[in-house]
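Novice: Only the shape, not the letters, is given here:
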């Protein structure tokens with residue numbers, strides 16, 4: 001296939017140096033026979049992208065390998081093609097144009113099309129995140145839409161396991177690190193993938209994983225219940241995904257992530273979640289002694305695959321902490337030990353100084369009485385002396401900022417001369433566990449024989465946690481006022497919306513979840529552009545999709561380009 005006067009393989013887009021099989025991928029050009037609904041190799045889209053062979057098909061789209069003639073790089077091109085709503089015959093039909101079936105779904109096609117591009121807009125902001133395929137461009141053409149993504153050299157996890165067998169446990173966890181981090185950010189943007197499986201996780205040449213194919217994803221209010229297209233893959237989708245009105249959220253993707261890990265560890269597809277709902281016979285990972293993970297890690301994966309959504313982890317962050325606790329905890333313990341060692345060193349130094357002071361006082365006290373009036377010992381003047389016990393400091397020290405343990409250690413020097421009462425208060429300035437204030441000021445003199453000094457020490461509970469209010473459907477002003485009243489801050493993201501501008505479409509933190517004061521809550525707002533688009537008919541797409549002349553360009557409505 002000729003692109004920019006160079007002959008390229010339609011299988012991998014590498015240069016061809018002759019006829020027959022490609023020396024890079026082994027693909028034979030002459031034997032390729034795509035089905036009529038798929039674009040033919042050599043089709044030009046947006047005047048710059050040339051399609052090659054089909055990489056994969058799903059319920060919502062077709063993915064092709066392609067070549068960007070402007071940047072001179074291979075790309076992956078995802079075409080929105082919901083097979084139950086549209087059709088096309090590029091050989092005997094009307095060319096590259098997609099036509100919508102004349103049934104009740106025709107009215108919803110345009111809305112679904114815009115949602116497809118909505119995901120592209122959002123994912124384009126995650127282009128630098130490891131573990132998620134980068135979105136390079138998205139546009140309208142052929143009465144449908146296209147997303148141009150980074151082309152990644154690699155193998156689907158399903159194909160790899162089928163060929164090589166199961167993967168060692170420690171390697172599976174290391175491979176999933178970037179994917180888990182990426183999914184935290186995806187969920188933070190209000191998106192759930194809905195289609196995570198070994199088919200949609202790619203093993204790159206460097207051994208890391210990347211999540212592909214967001215065609216089934218939905219941008220929505222997390223944990224809300226609404227009617228959605230039923231999309232599932234047996235063995236890898238949770239049971240709520242089988243229901244059109246299932247409650248979907250981060251835990252939906254968590255099930256699929258853990259099911260994919262289970263498959264990689266065992267080389268066996270998990271039992272279908274609907275069957276597990278009736279009778280759960282899925283063999284737990286803890287029964288597999290040949291998997292080199294700790295019991296806690298195995299249990300974490302099984303918890304992520306719990307049949308009931310409420311029994312799973314509710315965020316990817318919780319899952320990540322459970323999986324990597326064993327290696328992170330020793331680091332925390334080591335850090336604490338270093339701090340304790342420093343405290344012990346300071347305490348030893350203080351003891352040495354104190355002993356030196358006591359010795360000095362003892363020597364001076366034994367001096368002859370006639371040493372003169374000027375020989376009064378300034379060290380012992382005013383000090384508290386008790387027969388048979390070491391003198392204690394005569395003035396109360398400052399305890400603010402100490403932990404309870406540190407304060408109790410310091411107060412031992414005063415013995416029964418100080419009676420302490422502890423209380424706790426929330427504080428946005430003082431760390432949890434540290435002393436906020438003391439009722440008796442530092443420097444207060446303590447005399448032997450007086451009543452014990454009654455000291456109240458107030459310890460910080462940390463920032464007060466409050467419930468995040470329900471914000472979806474409210475105006476920006478009202479949402480920000482509600483957040484401010486509870487001590488939260490807001491972060492705004494705009495996206496295409498079919499409701500009034502400024503209406504909250506999704507919130508990054510679910511309503512009802514408790515968060516500390518000062519937490520930023522992500523709000524996804526409608527820009528109102530969809531309202532205008534519904535009032536104004538879209539221009540008819542150009543029939544000559546492969547042409548680059550000005551007339552064809554006028555027929556194609558570009559949504560956006562990521563540069």
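Specialist: Good, I have the coordinates. Note that the coordinates shown come from a computational prediction; the quantities given were computed from them, not determined experimentally. Residues are numbered from 1 along each chain as shown.
Novice: any idea where the strands of the stretch 1-150 of the chain begin and end?
Specialist: Applying DSSP state E, counting those that start in this stretch to the stretch 1-150 of the chain gives strands spanning 2-3, 6-7, 44-45, 49-57, 61-68, 73-80, 86-87, 99-100, 135-141, 144-150.
Novice: Correct me if wrong: residue 418 contacts residue 439.
Specialist: No - using Cβ atoms under 8 Å as the test, residue 418 is too far from residue 439 to be in contact (11.3 Å). No exception for glycine: its C-beta is placed from N, CA and C like everyone else's.
Novice: more crowded one of these two?
Specialist: residue 418 (18 against 13; other Cβ atoms under 10 Å).
Novice: For that one, report the pLDDT, please.
Specialist: Residue 418 is assigned 85 on the pLDDT scale.
Novice: How about the contacts made by it?
Specialist: 396, 411, 446, 452-453, 455 (Cβ atoms under 8 Å, 6 or more residues apart in numbering).
Novice: Please repeat the previous calculation with a cut-off of 10 Å.
Specialist: Residue 418 sits next to 392, 396, 411-412, 440, 444, 446, 452-455 when contact means Cβ atoms under 10 Å, 6 or more residues apart in numbering.
Novice: Can you give me the neighbour number for the residue nearest to it when sequence neighbours are not counted?
Specialist: Leaving aside its sequence neighbours, residue 418 sits nearest to residue 453 (Cβ to Cβ, 6 or more residues apart in numbering; 4.9 Å). Using other Cβ under 10 Å, residue 453 has 17 neighbouring residues.
Novice: sorry, back to before: give the residues shared as contacts by residue 418 and residue 439.
Specialist: Common neighbours of residue 418 and residue 439 (Cβ under 10 Å, 6+ apart) are 453-455.
Novice: surely the residue nearest to residue 418 meets residue 446?
Specialist: Yes - when contacts are counted by Cβ atoms under 10 Å, residue 453 is listed as touching residue 446 (5.8 Å).
Novice: so what sits against both of the two?
Specialist: Residues touching both residue 453 and residue 446 by Cβ under 10 Å, 6+ apart: 396, 414, 417-418, 440.
Novice: and these, which of them are in helices?
Specialist: Among the shared contacts of residue 453 and residue 446, no member is found in helices (DSSP state H).
Novice: Filter the residues you listed down to the buried ones and hand me the PyMOL line.
Specialist: In PyMOL syntax, the buried subset of these is picked out as below (16 or more other Cβ atoms under 10 Å):
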select buried, resi 396+414+417+418
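Novice: Could you single out the nearest of the shared contacts of residue 453 and residue 446 to residue 425?
Specialist: Among these, residue 440 lies closest to residue 425 (Cβ to Cβ), at 17.3 Å.
Novice: contacting residues for the nearest residue to the closest one once chain neighbours are set aside?
Specialist: Spatial nearest neighbour of residue 440, excluding adjacent residues (Cβ to Cβ, 6+ apart): residue 455 at 4.9 Å. Applying Cβ under 10 Å, 6+ apart, we find residue 455 in contact with 396, 399, 407, 411, 414, 418-422, 438-440, 444.
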